[in-house]
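**Student:** please work out how this folds:
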Amino acid sequence: MKNISLIPTETINPRTTKLDVSSPHQIAQMINAEDFNAAHAVKKAARAIAKTIDAAAKTFLAGRKIIFIGAGTSGRLGVLEAAECVPTFGTKPSQIVGIIAGGKNAMFRAKEGAEDDRAQGAKDLLKKARKGDLVIGLTASGITPYVLGALHAAKHAGCTTVLLACNNRADASDAAIFIYLPTGAEALNGSTRMKAGTATKMALNAITTGAMARAGKAYGNLMIDVRPTNQKLIRRALRLIMTVAKTDQKTAQTLLAASGQNVKTAIVMHTKNCTRTQAEKRLKKHRGFLAEALREK
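**Tutor:** Numbering: from 1, shown residues only. So this is what the prediction gives:
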């Protein structure tokens, strides 16, 4: 798409044309009113997001990688999503990966020109991706060369491909799944860190949470595979053990230590009155699904 005026996120928002002369309260109300469109956009994309959840769960259970790749705000959101899966779901950094145009330094200082390099997008992607991986390209405009180059390379490498964009005319020719988020014009013209970024984050939350739940990383709606790496998460781990295993805090502390800081193992140890090794074997047999491990006699 050569005509930038056709990109929804680049159009002028008629509801915010007095942004510069409005009071702080008016600005807050104006932007908040626009933000509601982000949630509506994600709702409209539910079917495509559901397909991506299914693909992500299958990819993860098959031992393959989930890769987010983007530039600017979209790239930062992908890196953030990948990083947050480690403490939340106990995944390894190599299992869910974020790639941003311009490399790690671009997380903290914008390298806007990096998004125009289609060949570099393909090169960066192929350093990480292998056949069978899931590659999710993130581009609010839907035309970012870096992302489209990466998706093209991913498709030809035998990866499952997804394009997430806020432009219904995006080039989705290399995507098996197209997630279109109709966020429309931004409150500040072209500033896709706003509604487009919010909607992207919401969609990514749904994809990773849904996929990990279907991969045994949740018990009901409990964060059962939490990695207790700080005091807050240790307290959460103890609460989980106390809630599911129906025990007291002192017992939960003993179980957490004896299980190697693994909540699911601790719960199985207590509920099935078994050793750590036996609990781990039971969980492995059931692919990490706690509900199945507890149901087995």
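
**Student:** got the domain ranges for this structure?
**Tutor:** Structural domains assigned to the chain are 4-214, 231-295, following automatic domain parsing.

**Student:** pLDDT of the first one, averaged?
**Tutor:** The average of the pLDDT scores along domain 4-214 is 95.

**Student:** just how off-centre is that domain within its chain?
**Tutor:** Domain 4-214 has its C-alpha centroid displaced from the chain centroid by 9 Å (Cα atoms, centre = their mean, to the nearest Å).

**Student:** next one: the last one
**Tutor:** In this view, domain 231-295 has its centroid 26 Å away from the chain centroid, taken as Cα atoms, centre = their mean.

**Student:** picking up where we left off before, tell me the most buried of the domains of the chain?
**Tutor:** domain 4-214 (a mean of 19; mean count of other Cβ atoms under 10 Å). Every C-beta, even on glycine, is put in place using the N, C-alpha and C of the backbone.

**Student:** follow-up on the earlier one: quick one, which of the domains of the chain is nearest to L222?
**Tutor:** domain 231-295 (5.9 Å; Cβ to Cβ).

**Student:** show the end-to-end separation of that closest one, please.
**Tutor:** 31 Å (Cα to Cα, to the nearest Å).

**Student:** next one: stretch 263-281
**Tutor:** Note: stretch 263-281 ends 15 Å apart using Cα to Cα.

**Student:** residue nearest the centroid of this protein?
**Tutor:** L204 (3.7 Å; Cα atoms, centre = their mean).

**Student:** tell me which element that one is part of?
**Tutor:** Using DSSP states H and E, the element containing L204 is helix 195-214.

**Student:** quick revisit: tabulate the domains of the chain (TSV), appending distance to M223.
**Tutor:** Converted to TSV, the domains of the chain look like this (distance: least, Cβ to Cβ, whole Å):
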stretch	distance to M223
domain 4-214	6
domain 231-295	7
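
**Student:** looking at those, which is closest to I224?
**Tutor:** Taking the domains of the chain one by one with Cβ to Cβ, domain 231-295 is closest: 5.7 Å.

**Student:** all helices for this protein, in order.
**Tutor:** 24-44, 46-61, 72-89, 118-128, 145-156, 195-214, 231-245, 249-258, 263-271, 276-285, 290-295 (DSSP state H).

**Student:** redo the ones you listed as JSON lines? Include distance to S173.
**Tutor:** Converted to JSON lines, the helices of the chain look like this (distance: least, Cβ to Cβ, whole Å):
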{"stretch": "helix 24-44", "distance to S173": "22"}
{"stretch": "helix 46-61", "distance to S173": "16"}
{"stretch": "helix 72-89", "distance to S173": "19"}
{"stretch": "helix 118-128", "distance to S173": "14"}
{"stretch": "helix 145-156", "distance to S173": "8"}
{"stretch": "helix 195-214", "distance to S173": "21"}
{"stretch": "helix 231-245", "distance to S173": "42"}
{"stretch": "helix 249-258", "distance to S173": "50"}
{"stretch": "helix 263-271", "distance to S173": "42"}
{"stretch": "helix 276-285", "distance to S173": "41"}
{"stretch": "helix 290-295", "distance to S173": "40"}
